[in-house]
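> Build me a model from this:
(2 chains)
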Amino acid sequence: MDNTIRIPKIRLGSREFDVFYIWFAVLSLGFAFGVVGAYQVLRYGLQVTGLTDQVPWGLWISIDLSSIALGGSAFVFGVIVYLLRLKRFEVVGRLAVLLGFLGYSTASLVLLFDLGQPLRFWHPAVFWQSHSLLWEITMCVILYLGILVAELLPIILEHPVFSEHTLIKKNNFFKKISEFLKKLSHFLHKAGPALAVIGLSLSLLHQASLGATYGVLSGRGLWFSPTAPILFVTSAMGGGTALLFLLSVFVFRVMRPGLVADKTLYDVARISGAMMLLCTYIRLWDWAVTNYYSFDNIVATQKELLNTIAPYSLAFWVGQILFSLIPGALLLSSKRVRNFKILTLAAVGPVICAIILRWTYNFSGLIASITYDPFTPSVQLNSYLPTWPEWAVGIGVISYWLLGFSLAARFLPFHSKEENH
Amino acid sequence: MTDENKKPNKTGLPRKGFMAVAGSATGALIMLQASKPTKASRNPSGAEPGAHKWGMVIDINLCIGCNYCTYACQAVNDLPVEMKYNKVTLEETKTGAEFYLSRPCMQCEHPPCVHVCPVGATYVRDDGIVTMDYDLCIGCRYCIVACPYDARVFNWKKHVEPNAFTPEYGHPEVERRPRGVMEKCNFCEHRIDSGLARGLVPGIDAAATPACVDVCPTGARVFGDLNDSESPISKILASTKTPIRLREDLSTEPKVYYIPPKAEVTTSSEEEL
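Take a look at the predicted model:
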């Protein structure tokens, strides 16, 4: 099998540039900007953000929710590769594990800045409050991040630098380390099915709980709904797999042609299309129920206000229906479309849809909140605008994600050496 | 294929040792959860659990909207100007009659903020007061989002300015909280606890009563033990036909009651007829 990696290049006149280094420089700048923002936040506290007691969760929480959702392909493909034992997905599954790790580590990173007391990030792990959805999510994310590391480590350790470097042959110490890493990698690989089962349970638990975080708050009428958990799970599976398809086309078709059969990529697209259509179906019912069967005046006013003052209706129709219905249908019929340009373009839809769903979910209940006065309760409109340190940290963590992905796209051994066992 | 033929236990990793360490770590963590030293903080006055149930009645008809309750609270709890445990707002009845709504923490029987806290930093004491452990709080702000009464305030920055309400409205009686933790009205628990220890009766003796109640110039606020049928608050509640609580539809069961404006009582009784 052809193992050469084709690096995308830019041609300027007669000279050719390796895109990778330019891209790497841009991302490093973004990351550096994030470090400046992070310093502001840690030094001066959350007063540097645009958050208030009325809108206490903002840009960072939206990034956190979105990056966890877009890491959703990791558990889907953990099951496909290790439990259903569909070998042809093994290479794509490795990319899924990477996306999972990047998504969850990005989320953990941005949450660290969102905490009022960042140094107490470990408190939920020690001081349990098992009634809290946020506690459950924290525990799941910590454990699942551990699982993702255990799944990612053997892939990284397959890089020749850990087994064939000249230092290893010369130096006994490095040789011992190399042997240990090989054993560790083998052990973790063997544990794959168990990790997949635990990963599946943890993922389903907390992806749903992220929706329930909002869904259980009876004081916020617009959020108080039992559909949020299932919407969050299905959109994470659909959006996450769509992102996996998008990046698979880049990593495998553009950079490593021939490593993954087109048929397998079509199947990834179909999984994402099916999940996205399921999510949209549930979303439409949720929309219909909230609109037609809602007997709660306050909820109705809240919706009306959001639709008039903010483009929430646009975000719904374009973001959650158009971006998921048409692309979902296209992705589902990928074997008939058979055009990777159309399919990759279509895959952008579900990714944006998963992000918009979380964005509007987070803000709708906070922007339009219900007053507590006893006789004439009304809807109070709050405003929120992220400040530059918030954007800086946001850009920084997104740059981190892209840096991780870019490095992996170039250096990660996606093609297993232990293929024949 | 050589790797495949090896038995898994020959991978060279001390798996048993690992399991033992992981197992005992998990065990220790669970033991820690069981032996959490919360008992003392739930019942600092040392009274019989459930002996007291502190509550408040606010007579809307007597409230003149002077905001003294807010200021006294900010003085005693050493709060910056922009952080208010207690808020006074101008509201309307269904007929359009205006009235002042003065709102401390509702001290719910089923507080949404306590259910959502991921670390148990906010909890219900044995006497029903919903309070905070500032050393546990991580500042995630889920409790502000959950509270339907807008009663929680966050320390967005470090409070360094001198107290703006001292000495006119009182003197700081508690330590300042650090940046990045949540805080809330706790019925001046420090006054209740030290008062009970000195044999005072909260609600009757001013030194053991919340600052907002002491300062109210019209006596619109009455504080006391809801479990004691002879306490002033129980007597007022018994003699009031229709005491109301805020957002009763949410089943949070607040321990702060309001005597509704007369205009509202007449219209609603007319509706019933």
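> Where does pLDDT dip in chain B?
Across chain B, the ranges flagged by pLDDT under 70 are B:1-18, B:32-41, B:45-46, B:265-273.
> What residue in it comes nearest to chain A?
At 1.9 Å from chain A, residue B:139 is the closest residue in chain B, using C-beta to the nearest C-beta. Heads up, the C-betas are built off the backbone N, CA and C, glycines and all.
> wait, that residue sits on residue B:181?
Yes: the criterion here is C-beta atoms under 8 Å, and residue B:139 meets it with residue B:181 at 5.7 Å.
> what is in contact with those two at once?
Contact with both residue B:139 and residue B:181 is made by residues A:116-117, B:154-155, according to C-beta atoms under 8 Å, 6 or more residues apart in numbering or on different chains.
> hang on, the residue of chain B closest to chain A in a strand?
No: secondary structure of residue B:139 (DSSP: H, G, I helix; E, B strand; the rest coil): coil, not part of a strand.
> how close does the residue nearest in space to the middle of chain A get to residue B:124?
The residue lying closest to the centre of chain A (C-alpha atoms, centre = their mean) is residue A:70, at 2.4 Å. Distance, residue A:70 to residue B:124, by C-beta to C-beta, to the nearest Å: 39 Å.
> Same question for residue A:177.
Distance from residue A:177 to residue B:124, by C-beta to C-beta: 53 Å.
> Check residue A:117 too.
22 Å.
> can you check residue B:83 too?
23 Å.
> Likewise for residue B:200?
23 Å.
> now swap in residue A:202 and tell me
Distance from residue A:202 to residue B:124, by C-beta to C-beta: 30 Å.
> Settle it for me: which of these two has more neighbours?
Neighbours were counted for residue A:202 and for residue B:124 using other C-beta atoms under 10 Å in any protein chain shown; residue A:202 has more, 21 against 16.
> Just to be sure, the more buried one is in a helix?
Yes: membership of residue A:202 in a helix is supported by three-state DSSP.
> confidence score at it?
pLDDT recorded at residue A:202 is 92.
> dump the residue contacts of it.
Residue A:202 touches A:75, A:140, A:143-144, A:147, counting by C-beta under 8 Å, 6+ apart.
> and stretch B:155-164 with chain A, contact?
Yes: contact of stretch B:155-164 with chain A (C-beta under 8 Å from any C-beta of the partner chain) involves B:155-158.
> What about those, which one has the most neighbours?
residue B:155 (25 neighbours).
> Number of residues surrounding the spatially closest residue to that one that is not a sequence neighbour?
In space, and not counting its chain neighbours, residue B:155 is closest to residue B:179: 5.2 Å by C-beta to C-beta, 6 or more residues apart in numbering or on different chains. Neighbourhood size, residue B:179 [other C-beta under 10 Å]: 19.
> Chain A contacts on the stretch 151-273 of chain B?
So the stretch 151-273 of chain B meets chain A at B:152-158, B:178-182, B:244, B:246-247, B:250-251, B:258, B:260, B:264 (C-beta under 8 Å from any C-beta).
> Surely residue A:34 and residue A:400 touch.
Yes: using C-beta under 8 Å, residue A:34 is in contact with residue A:400, at 7.3 Å.
> which one of those two has more residues nearby?
residue A:34 (24 against 19).
> The more buried one and residue A:243, how far apart?
As judged by C-beta to C-beta, residue A:34 and residue A:243 stand 21 Å apart.
> ok, back up a step: which residues are in contact with the residue nearest to residue B:155?
Per C-beta under 8 Å, 6+ apart, neighbours of residue B:179: A:45, A:116, B:155-159.
> Just put those in a markdown table and tack on distance to residue B:105 and secondary structure.
Listed next are these as a markdown table, based on distance: C-beta to C-beta, whole Å; DSSP: H, G, I helix; E, B strand; the rest coil:
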| residue | distance to residue B:105 | secondary structure |
| --- | --- | --- |
| A:45 | 24 | helix |
| A:116 | 19 | coil |
| B:155 | 16 | coil |
| B:156 | 19 | coil |
| B:157 | 22 | coil |
| B:158 | 23 | coil |
| B:159 | 19 | coil |
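> and the residues you listed as JSON lines, adding distance to residue A:361?
Formatted as JSON lines, these follow (distance: C-beta to C-beta, whole Å):
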{"residue": "A:45", "distance to residue A:361": "27"}
{"residue": "A:116", "distance to residue A:361": "23"}
{"residue": "B:155", "distance to residue A:361": "27"}
{"residue": "B:156", "distance to residue A:361": "24"}
{"residue": "B:157", "distance to residue A:361": "29"}
{"residue": "B:158", "distance to residue A:361": "32"}
{"residue": "B:159", "distance to residue A:361": "33"}
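> Spatially, which two of those residues are the most separated?
A:116 and B:159 (13.5 Å; C-beta to C-beta).
> The two: who's more crowded?
A direct count of neighbours by other C-beta under 10 Å for residue A:116 and residue B:159 places residue A:116 higher, at 21 against 16.
> what's that one in contact with, if anything?
Applying C-beta under 8 Å, 6+ apart, the residues near residue A:116 are A:45-46, B:137-141, B:154-155, B:179-182.
> Could you point out which of these is nearest to residue A:307?
When the contacts of residue A:116 are compared for distance to residue A:307 (C-beta to C-beta), residue B:141 wins out at 26.9 Å.
> Please name the nearest non-neighbouring residue to that closest one.
According to C-beta to C-beta, 6+ apart, the nearest residue to residue B:141 is residue A:56 (4.0 Å).
> wait, residue A:358 sits on residue A:63?
No: with contact defined as C-beta under 8 Å, residue A:358 does not count as touching residue A:63 (9.2 Å).
> Apart from its chain neighbours, what residue comes closest to residue A:205?
Closest to residue A:205 by C-beta to C-beta, 6+ apart is residue A:140, at 5.3 Å.
> I meant residue A:266, not that one.
With C-beta to C-beta, 6+ apart, the residue lying closest to residue A:266 is residue A:334, at 4.4 Å.
> ditto for residue B:111
Counting by C-beta to C-beta, 6+ apart, the residue nearest residue B:111 is residue B:130, at 4.9 Å.
> helices or strands next to the helix or strand in which residue B:73 is found in the packing?
Assessed by DSSP states H and E, residue B:73 sits inside helix B:68-76. Here helix B:68-76 touches strand B:87-92, helix B:211-215, going by 3 or more C-beta pairs under 8 Å, 6 or more residues apart in numbering or on different chains; DSSP states H and E.
> just the angle between that helix and strand B:87-92, please?
Here helix B:68-76 points in a direction 170 degrees away from that of strand B:87-92 (axes from the mean of the first three to the mean of the last three C-alpha atoms, to 10 degrees).
> Output helix B:68-76 as PDB, nothing but the C-alphas.
Presented in PDB, the C-alpha positions along helix B:68-76 are these (Å, rounded to 0.1, in the frame of the first residue of the first chain):
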ATOM      1  CA  TYR B  68     -32.800  50.500  53.500                       C
ATOM      2  CA  CYS B  69     -33.000  46.700  53.600                       C
ATOM      3  CA  THR B  70     -30.700  46.500  50.600                       C
ATOM      4  CA  TYR B  71     -28.200  49.000  52.100                       C
ATOM      5  CA  ALA B  72     -28.200  47.400  55.600                       C
ATOM      6  CA  CYS B  73     -27.500  44.000  54.000                       C
ATOM      7  CA  GLN B  74     -24.700  45.500  51.900                       C
ATOM      8  CA  ALA B  75     -23.200  47.100  55.000                       C
ATOM      9  CA  VAL B  76     -23.400  44.000  57.300                       C
END
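> residues making contact with it?
By C-beta under 8 Å, 6+ apart, helix B:68-76 touches B:79-81, B:83-88, B:102, B:104, B:163-174, B:185, B:188, B:210-217, B:221.
> PyMOL command to pick out the buried ones of those?
Buried members of those can be picked out in PyMOL with the line below, counting by 16 or more other C-beta atoms under 10 Å in any protein chain shown:
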select buried, chain B and resi 79+80+83+84+85+86+87+88+102+104+163+165+169+170+172+185+188+210+211+212+213+214+215+216+221
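> So residue A:126 sits against residue B:31, correct?
No: Residue A:126 lies out of contact with residue B:31 (C-beta under 8 Å); the separation is 11.9 Å.
> neighbour-wise, which of these two wins?
More crowded of residue A:126 and residue B:31, by other C-beta under 10 Å: residue A:126, with 12 against 9.
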